[in-house]
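# Have a look; sequence and predicted model below, questions after that.
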Amino acid sequence: MVRVLVLALILITCFVFVQCNANGTCSLDMFGNDTGAYMACTAQFALQANWFPSPIAGLFSYLVWNGFDGFWQNGAVLEPMVNFMEYANHSRYVSVVRSSWRQLYSLLEAYGPYPSFDDMGWYGLSYVRIYEVLGYEEFLDTALDIFNWVWETGWDLSGNCGGGFFFDDSRMSKQTITNVQMLQLGAKLYRIYQKDYIWNKTTDVYNFIMNNQIINATTYVVFDGITWTCQGSGDSDFTYNSGVLIGGLVELYKLSNVSNYIDLAVKLADATIINHTENITGIFRESCDPNCNDDAKMFKGIFVRNLRYLIDALPDGDVTKAGYKIWLKHNVMGITKYDMCDKSPISLCNITLKDGPSYFNVSGPVFSPDWIGPVTYGAPMQQACALDLFVASIDAKTQCTGNYCSYDPPYPPPQPLTCQSHPCPPDEPCCEYSPYTSYTCCESTQKCQNGICV
């Protein structure tokens, strides 16, 4: 079905020449005229200039971008940053990636008292990917710690539905995303460590996914959750669920060379592309677009991130592989045509800075949440999503050349803050928890009691 869709896209696609304000750090010839790599460079530059570092970064025990809606997004954004290094052979912003490392306890402390398990999963996936690309052992160690902690804390030992991960410590629901994250993370960790207990746990997750009808056997839609009667919940088929599951199946294929894993991954990818591609423009959309919440604004990017992992696993010359690459490039041209703002002055682009002004001069291009447009406002969620798309579209063997391939500007260390510094937005109570001399901003509906937002 995807092949038919791709042929239709070829007929309606027109070439869009993109010329962005790269502020002297990005140019098309840096990447051998690879438009995806060039756009990734400009989008990443704007992400860092506009939304990092946050002026309240000293409030947290993890690296934080100005205006991300949640703890998890600060972990998930690291994966496209390091993928960009891998696919375009450069070291831009390597110190930002390197300084993102935190021990397990520090991440848990940041959330206090318990994060939802999928939030920790994003750090695990990004950290193991950073190790794969850059070889930093501390990231691998923490990725394993996260895997073990989620298992010890979140796996259902009651036997109901054959196990599965709860969404959070309330143990009120089992969501798909946590389970597919741990499938992918476990498979990667087993490939690296070759420890039997990791493989056994990964197999348990795979069996849980396959035995509880999370995947619709006819349509290959991946449901968002699991009911107490051990069936897919049948609600919204958010694209990131199928994306992360595709990435997990690719990892299982790498370990086993069993084609069934790749065959299923292709069926999931085809179904997601068909169900979420707008008929007239051929542009990829989340079901909730244009009114997605801040979490869902990153979901499309997570899907295409994992689609690229599938592309990398398919053999050269494969028709399906070629079709996916054409589809990605069509979306690159679409988002730059319909959904990009790079006006002069850039302030005309309505760039939101939730946590105070940017340390640097604001920059473009910026992107809106819905890739079909119109341009509405720029924020880090949709900027990271666009970055994922551009990175996923980079041609194999693209090489960055020139001095700016190692562009790595210094960032000032975050200033220590206390609640007396009034670091939180007016409607969010500041909460100090000791003896660790740490602080967090509660949600507007919460109060601080004994160092915990409740």
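Yep, that arrived. Predicted, not measured: the structure shown is a model, and the values here were computed from it.

# for the closest residue to Phe223 other than its chain neighbours, what are its contacts?
In this structure, Phe223 finds its nearest non-sequential neighbour in Gly232, 3.3 Å apart by Cβ to Cβ, 6 or more residues apart in numbering. No exception for glycine: its C-beta is placed from N, CA and C like everyone else's. By Cβ atoms under 8 Å, 6 or more residues apart in numbering, the contact set of Gly232 is Thr176, Asn212, Gln213, Ile214, Ile215, Asn216, Val222, Phe223, Gly225, Ile226.

# just checking, next helix/strand downstream of the helix ranked longest in the chain?
Secondary structure assigned by DSSP state H gives helix 319-338 as the longest helix of the chain. Sequence order places strand 340-341 as the next helix or strand after helix 319-338, per DSSP states H and E.

# on that earlier part again, from the contacts of Gly232, which ones fall inside strands?
Using DSSP state E, the subset of the contacts of Gly232 located in strands is Gly225, Ile226.

# Filter the contacts of Gly232 down to the buried ones and express that as a ChimeraX selection.
Burial among the contacts of Gly232 is assessed by 16 or more other Cβ atoms under 10 Å; the matching ChimeraX selection reads:
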select :176,212,213,214,215,222,223,225,226
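
# Name the nearest of the contacts of Gly232 relative to Gly323.
Of all the contacts of Gly232, the one with the least separation from Gly323 (Cβ to Cβ) is Val222, at 20.3 Å.

# do you know how far that closest one is from His422?
44 Å (Cβ to Cβ, to the nearest Å).

# what's the neighbour count on Val362?
18 (other Cβ atoms under 10 Å).

# which SS class is it?
With DSSP: H, G, I helix; E, B strand; the rest coil as the basis, the three-state label of Val362 is coil.

# That one: what's it in contact with?
So Val362 contacts Ala49, Asn50, Ile346, Ser347, Ile351, Leu353 (Cβ under 8 Å, 6+ apart).

# for it, phi and psi?
Backbone torsions for Val362, taken as degrees, to the nearest 10, come to phi -60, psi 150.

# Next: Glu278.
phi -70, psi 130.

# isn't it right up against Pro290?
No - between Glu278 and Pro290 there is no contact, the gap being 11.2 Å when judged by Cβ atoms under 8 Å.

# can you list residues touching both of the two?
With Cβ under 8 Å, 6+ apart as the test, Glu278 and Pro290 both reach Ile372.

# sorry, back to before: measure the residue nearest to Phe223 to Met210 for me?
Gly232 is 11 Å from Met210, by Cβ to Cβ.

# Excluding residues flanking it in the chain, which one is nearest the residue nearest the centre of the chain?
For the chain, the residue nearest the mean C-alpha position is Ala76 (4.0 Å; Cα atoms, centre = their mean). Excluding its sequence neighbours, the residue lying closest to Ala76 (Cβ to Cβ, 6+ apart) is Trp122, at 4.2 Å.

# what helices or strands is the helix or strand containing that neighbour leaning on?
Here Trp122 is covered by helix 117-134, with elements defined by DSSP H and E. With contacts defined as 3 or more Cβ pairs under 8 Å, 6 or more residues apart in numbering; DSSP states H and E, the packing partners of helix 117-134 are helix 71-76, helix 78-88, helix 94-98, helix 104-111, helix 137-154, helix 176-193.

# Comparing the ones you listed by mean pLDDT, which bottoms out?
Note on those: lowest mean pLDDT is at helix 104-111, with a mean of 84.

# now for that one, which elements pack on it?
Going by 3+ Cβ pairs under 8 Å, 6+ apart, helix 104-111 lies up against helix 117-134, helix 137-154.

# just so I know, which of those lies nearest Met85?
helix 117-134 (5.9 Å).

# what comes up buried for that closest one?
For helix 117-134, by 16+ other Cβ under 10 Å, it's 117-133.

# and if you look at stretch 361-369?
Buried, per 16+ other Cβ under 10 Å, within stretch 361-369: Val362, Ser363, Gly364, Pro365, Val366, Phe367, Ser368, Pro369.

# Please write out the alpha-carbon positions of it in CSV.
The C-alpha trace of stretch 361-369 is given here as CSV (Å, rounded to 0.1, in the frame of the first residue of the first chain):
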residue,chain,number,x,y,z
ASN,A,361,19.6,36.1,20.2
VAL,A,362,16.5,34.3,18.9
SER,A,363,16.9,32.6,15.5
GLY,A,364,15.0,30.8,12.8
PRO,A,365,13.8,28.8,11.1
VAL,A,366,11.0,27.7,13.5
PHE,A,367,8.2,25.4,12.8
SER,A,368,4.5,25.0,13.9
PRO,A,369,3.0,21.8,15.4
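
# quick one on the thing from earlier: from the buried residues of stretch 361-369, which is closest to Lys397?
Nearest member of the buried residues of stretch 361-369 to Lys397, counting by Cβ to Cβ, is Pro365, at 25.8 Å.

# The closest one and Lys343 touch, don't they?
No - counting by Cβ under 8 Å, Pro365 sits too far from Lys343 to count as a contact (9.4 Å).

# Great, nothing more from me.
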